[in-house]
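[1] structure, please.
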Amino acid sequence: MDSLFFINLFSIIPLLFTMSLAYRHILQNNKNIYYLSAAVLTCLQLFMEIVMALMARHPQEYYRMPIALFIAFGFIFSLLFFYIIFLFVGAGRLSDTVKRLAVIPVILNVAISFLSIQTGWLFEVFEFGVYVRGPLYIIEPIACIGYSIVIFCFLLAPGQEERTKSDKLLLCAIFMLPWVAAVIQIFYSSLLITWSSIALSLLILYIFLLDQQFKYDVQTGLKNRKSFELHMQELDRSGKEATIFVFDLNNLKNVNDHLGHLSGDERLSRTASCIKKTFQGVGESYRIGGDEFCSICGVFPIGQAEQLFACLDAYIEESNRLFSSGKIVLAHGYAVASKTVSPYQAFSLADNAMYRHKAFEKQISQLPADEPESPVREV
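    Residues are numbered from 1 along each chain as shown. Have a look, this model is predicted:
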């Protein structure tokens, strides 16, 4: 009991610290609400294990009902934890319909867990708090495994999340830790380490999330210059072909000077949103300077590149229509990195193409309606 008390206690204390930090930044990162929910469940379960261990030291007949309630909540918390992690990993990609369908096992588990206090379906508690598993005990682990499989599919699916391969493998290792502890606990039933391992996983996860923040631009939500440079180095080292798109937000300095930086920041955020929606699932997008952006994709035909520009223009037009506070004008160009053209050369070519497009846009903005078609934006 003493070891359980100290293991759980020293699992709860650091979790409370990370919960406090996560709560401070909940507005900057919506995923923190899922982290906080999982951490609260873990702390409650660890606390209940401590209370149950204290009861076991001096068993009494009237402990039966409190212990049965604790065990019922333990079953509820286990599946609810995996559902929360499912929402965390799938944030931004799950439709409301999928979320509603995925919560059905959780609701059923709540009902069955409470009913088991009387029916013994999942567990049964006898006099003096003696606990045994019920005939339907296996249902809950199977449901947890089901959620875990979906979670790992989300983590490893290509093109679904802007994470590197090493990031995905690290996340898989973090989420595998509780399962390793659960297997150990099966063979050594006296070791109650599953929830303390979950607490450890959450601590490592919070450190991972902090590390991820250094890869992103806070203002726009896109990856930052450092991440862009690492991607370019990887392309240069591997020799992979890629299509590099470069963008520049026109007239940002004038907007900042005459309308204020808040107006400029708003246009930056809107521009980043349009770029992100256009290239989501196709490539990775970065903010590489004050008003400069870049997207790096695989190689595809010229026609598809122009289709992406048309899609981007449509998003910008929609944004300009919805926000009367200021018009976004975006210059863009692209080039292909190949065996004969390095990523850095391709970036320079795309940058030059972008500046030609920028000069063209500036020129036609000063002319009446019958302007020529836009020049090709690739070198």
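[2] which helix or strand lies directly C-terminal to the worst-scoring helix or strand of the chain on mean pLDDT?
    Least confident helix or strand, the chain: helix 252-259 with a mean of 82, by mean pLDDT, DSSP states H and E. Sequence order places helix 261-279 as the next helix or strand after helix 252-259, per DSSP states H and E.
[3] quick one: average pLDDT of that next one?
    In this model, helix 261-279 has a mean pLDDT of 91.
[4] ok, stretch 69-77 next?
    Rounded mean pLDDT across stretch 69-77 is 96.
[5] and for stretch 364-376?
    53.
[6] next: stretch 338-345.
    95.
[7] how long is it from one end to the other?
    End-to-end distance for stretch 338-345, by C-alpha to C-alpha, to the nearest Å: 10 Å.
[8] got the buried residues for it?
    Across stretch 338-345, burial judged by 16 or more other C-beta atoms under 10 Å covers 338, 341, 343. The C-beta positions use only the backbone N, C-alpha and C, and glycine is treated the same way.
[9] what's near enough to touch the spatially most central residue of the chain?
    Central residue of the chain (C-alpha atoms, centre = their mean): residue 89, 5.3 Å from the mean position. Residues counted as contacts of residue 89 (C-beta atoms under 8 Å, 6 or more residues apart in numbering) are 151, 154-155, 171.
[10] after the helix or strand where residue 85 lies comes which helix or strand?
    According to DSSP H and E, residue 85 maps onto helix 64-89. Past helix 64-89, heading to the C-terminal end, the next element that is a helix or strand (DSSP H and E) is helix 96-102.
[11] mean confidence score for that next one?
    pLDDT averaged over helix 96-102 gives 93.
[12] rewinding a little: confidence score at the residue nearest to the centre of the chain?
    pLDDT, read off for residue 89, is 89.
[13] gap between it and residue 264?
    34 Å (C-beta to C-beta, to the nearest Å).
[14] which parts of the helix holding residue 85 are buried?
    Neighbour-count burial for helix 64-89 [16+ other C-beta under 10 Å]: 64, 66-68, 70-89.
[15] same check, this time on stretch 201-208
    Neighbour counts over stretch 201-208 (16+ other C-beta under 10 Å) mark 201-203, 205-206 as buried.
[16] stretch 186-201 now?
    Those would be 192-201, for stretch 186-201 by 16+ other C-beta under 10 Å.
[17] what do you get for stretch 260-273?
    264, 266-268, 270-273.
[18] for those residues, which one is nearest residue 289?
    residue 268 (10.9 Å; C-beta to C-beta).
[19] where does residue 293 fall, helix, sheet strand or coil?
    The local conformation at residue 293, judged by DSSP: H, G, I helix; E, B strand; the rest coil, is strand.
[20] mind listing the residues bridging to the residue nearest to it when sequence neighbours are not counted?
    Of all residues not flanking residue 293 in the chain, residue 247 sits nearest, at 4.2 Å (C-beta to C-beta, 6 or more residues apart in numbering). Beta bridges link residue 247 to residue 293, residue 332, judged by DSSP bridges.
[21] any idea how far residue 247 lies from residue 343?
    Taking C-beta to C-beta, one finds residue 247 at 17 Å from residue 343.
[22] now swap in residue 257 and tell me
    Counting by C-beta to C-beta - residue 257 and residue 343 are separated by 35 Å.
[23] ok, residue 88 next?
    Going from residue 88 to residue 343 by C-beta to C-beta gives 33 Å.
[24] before we move on, what about residue 66?
    64 Å.
[25] can you check residue 250 too?
    26 Å.
[26] what does residue 134 give?
    60 Å.
[27] what about the closest residue to residue 309 other than its chain neighbours, how many neighbours?
    Setting aside the residues directly before and after it, residue 309 is nearest to residue 332 in space (C-beta to C-beta, 6+ apart), at 6.3 Å. Residue 332 has 22 neighbouring residues, counting by other C-beta atoms under 10 Å.
[28] residues in contact with residue 332?
    245-248, 309, 312, 354, 357, 377.
[29] adding neighbour count, write the residues you listed out as a markdown table.
    Supplementary listing: the contacts of residue 332 in a markdown table, determined by neighbours: other C-beta atoms under 10 Å:
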| residue | neighbour count |
| --- | --- |
| 245 | 29 |
| 246 | 26 |
| 247 | 26 |
| 248 | 21 |
| 309 | 19 |
| 312 | 21 |
| 354 | 23 |
| 357 | 22 |
| 377 | 21 |
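[30] much appreciated, bye for now.
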